[in-house]
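Enquirer: Prediction below, plus the sequence it came from.
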Amino acid sequence: MACRVVLNLGSGSRRFREVSKPYIDRDIFEPLARAGARVVHSDLKAGEGVDIGGDLFDAAVQARLRELRADAIVACNIMEHLPEDYRQRFPAVLDSLLPPGGTLVVTVPYSYPYHADPIDTLYRPSPQELCALFPRFQVIDARIIDSESYGDEFVAGGPWRMTRKVLRMFFPFVRPKRWFSHAHRFLWLFRPYRLTGVVLRKPAA
């Protein structure tokens, strides 16, 4: 049965999905919409293109999300940004939002640079470790996904952006946290970013 409602957690704004990273909408959400799914975007920050804003760990927000009775939940690249106590609670929250028989898609970086938003705990689980957080769920797929390298990003930015990125390396004292994030990416100059991705199904009963 095709999904009727897809809940996208940590969605970001419409500009983020359609302009800054247009492949998100083009390759994921547009095909779902064409297939007849209703996609509901939820994020901590309210904004354009965010259907339900608020803290996922707030009971009132959870109640609103639970009312959707989503057939599928997408939770991509959230867990590395959660403090440890929240990360430990996260699987139970997802379980509570998904009706029996629903599908859960979770991705987390596996080999990826530091990227604070506003924090990065450097949580980098394997597919097996991620599946173990959802022991009641059936594993449909679990794998490590290779993406582009920082070198690909670097060249795609063009000469001006390439020059700016190199010059930025000489100013670590300006916004040090962002500088570290920028510098850390150079370790992936010639190797791909890698993500852990799992597709799970909640038991029907």
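Expert: Cool, the structure landed. Numbering: from 1, shown residues only.

Enquirer: now the helices: where do they sit in this structure?
Expert: Applying DSSP state H to the chain gives helices spanning 14-15, 22-24, 30-34, 59-67, 84-97, 127-131, 150-156, 158-168, 176-184.

Enquirer: With residue 74 as the reference, name the closest of the ones you listed.
Expert: With CB to CB as the criterion, residue 74 lies closest to helix 30-34 of the helices of the chain, at 9.3 Å. Yep, even glycine has a C-beta here, placed from its N, CA and C like the rest.

Enquirer: neighbours around residue 76, how many?
Expert: By other CB atoms under 10 Å, 17 other residues sit near residue 76.

Enquirer: For it, which residues count as its bridge partners?
Expert: residue 107 (DSSP bridges).

Enquirer: which of the helices of the chain is buried the deepest?
Expert: Among the helices of the chain, helix 127-131 has the highest mean neighbour count (mean count of other CB atoms under 10 Å), at a mean of 17.

Enquirer: which outside residues touch that helix?
Expert: Applying CB atoms under 8 Å, 6 or more residues apart in numbering, the contact partners of helix 127-131 are 106, 108, 137, 139, 142-144, 196-198, 200.

Enquirer: Which of those are buried? Put it as a ChimeraX command.
Expert: Command for ChimeraX, covering only those of the contacts of helix 127-131 found buried under the criterion 16 or more other CB atoms under 10 Å:
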select :106,108,137,142,196,197,198,200
